[in-house]
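just coords:
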């Protein structure tokens, strides 16, 4: 059922009742353009060489998010970048588990872990942020996954569910209330960050065309379902006034 704010958002665009009825319920609220304000922040997740074409864990079409991110970032005074920053021999690497292959899983003390090709090792070119990113106003880079025995998809909390990066406190100290997510990959680091953002009390949006997914074993559909259930809003870059 649509709430009052969704209906008013639709009416505010000049849409008639019949036109509103043709818009899916989960998109009606986005019919009006969103203008970022001082209480809004863009979180750019892991746009690093390892996840781009030619990288050790390349996300299909991952490079296509860069111009979209650069364009929408111009509308944000508050921008945070994240960076996977693994040790050599990290627990999330398949090479750290004899006989295991990438994309298989293992049970670790904090739960089930997908195993990945070696990627984003500290100080390597693969771990570097894309040189094509053009966001000079970005004020913070959050490095995650640097504890050897625990993975960290989320920008907020490591995979043990307890160890925090301090990002939530940073954003709240700056009176940020709305977060907009972009980057790689939709079904892992973006989704986990979005879910933790909701847990931390932020109004959260994922900009679908500014992200790309890995989609292993149905992970992309599950990620969107989990995010929708948590109240994460799915938008397009065109919904944002840059």
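It's in. None of the values given here were measured: they were computed from a predicted structure.

just the helices in this protein please.
4-12, 17-21, 25-28, 65-73, 167-173, 191-199, 219-230 (DSSP state H).

Tell me where this protein is predicted with low confidence.
Applying pLDDT under 70 to the chain flags residues 1-32.

Could you report the distance from the spatially most central residue of the chain to residue 133?
What sits nearest the mean C-alpha location of the chain, by CA atoms, centre = their mean, is residue 190, with 2.3 Å. To residue 133, residue 190 is 16 Å away according to CB to CB, to the nearest Å. All C-beta atoms are positioned from the backbone trio N, CA, C, and that covers glycine.

Surely residue 91 touches residue 145?
No. If you go by CB atoms under 8 Å, residue 91 and residue 145 don't touch, sitting 9.7 Å apart.

any shared contact partners between those two?
residue 151 (CB atoms under 8 Å, 6 or more residues apart in numbering).

So those two - more neighbours on which side?
A count of neighbours by other CB atoms under 10 Å puts residue 145 above the other of residue 91 and residue 145, at 27 against 21.

In space, what's closest to that one - neighbours in sequence excluded?
Closest residue in space to residue 145, ignoring its immediate chain neighbours: residue 152 at 4.2 Å, by CB to CB, 6 or more residues apart in numbering.

which ones are touching the residue nearest to the centre of the chain?
45, 181, 182, 183, 184, 206, 211, 223.

Please report the distance of the second one from residue 234.
Spelled out, it's residue 181. Applying CB to CB to residue 181 and residue 234 gives a distance of 10 Å.

With neighbour numbers in mind, choose between those two.
Higher neighbour count among residue 181 and residue 234: residue 181, with 27 against 16, using other CB under 10 Å.

check contacts around that one.
Contacts of residue 181 by CB under 8 Å, 6+ apart are 43, 45, 190, 193, 194, 197, 204, 205, 206, 207, 211.

farthest-separated two in these?
197 and 211 (14.2 Å; CB to CB).

Between those two, tell me which one has more neighbours.
Set residue 197 next to residue 211 and count neighbours by other CB under 10 Å: residue 197 wins out with 28 against 24.

what's the closest non-adjacent residue to the more buried one?
Nearest to residue 197 is residue 204, by CB to CB, 6+ apart, at 4.5 Å.

got it, and residue 175?
Nearest to residue 175 is residue 39, by CB to CB, 6+ apart, at 6.0 Å.

Return the distance of the closest residue to residue 75 other than its chain neighbours relative to residue 70.
Distances taken as CB to CB, 6+ apart place residue 242 nearest to residue 75, at 4.0 Å, with adjacent residues excluded. Per CB to CB, residue 242 is found 10 Å from residue 70.

so how far is residue 207 from residue 51?
17 Å.

I meant residue 153, not that one.
Distance from residue 153 to residue 207, by CB to CB: 18 Å.
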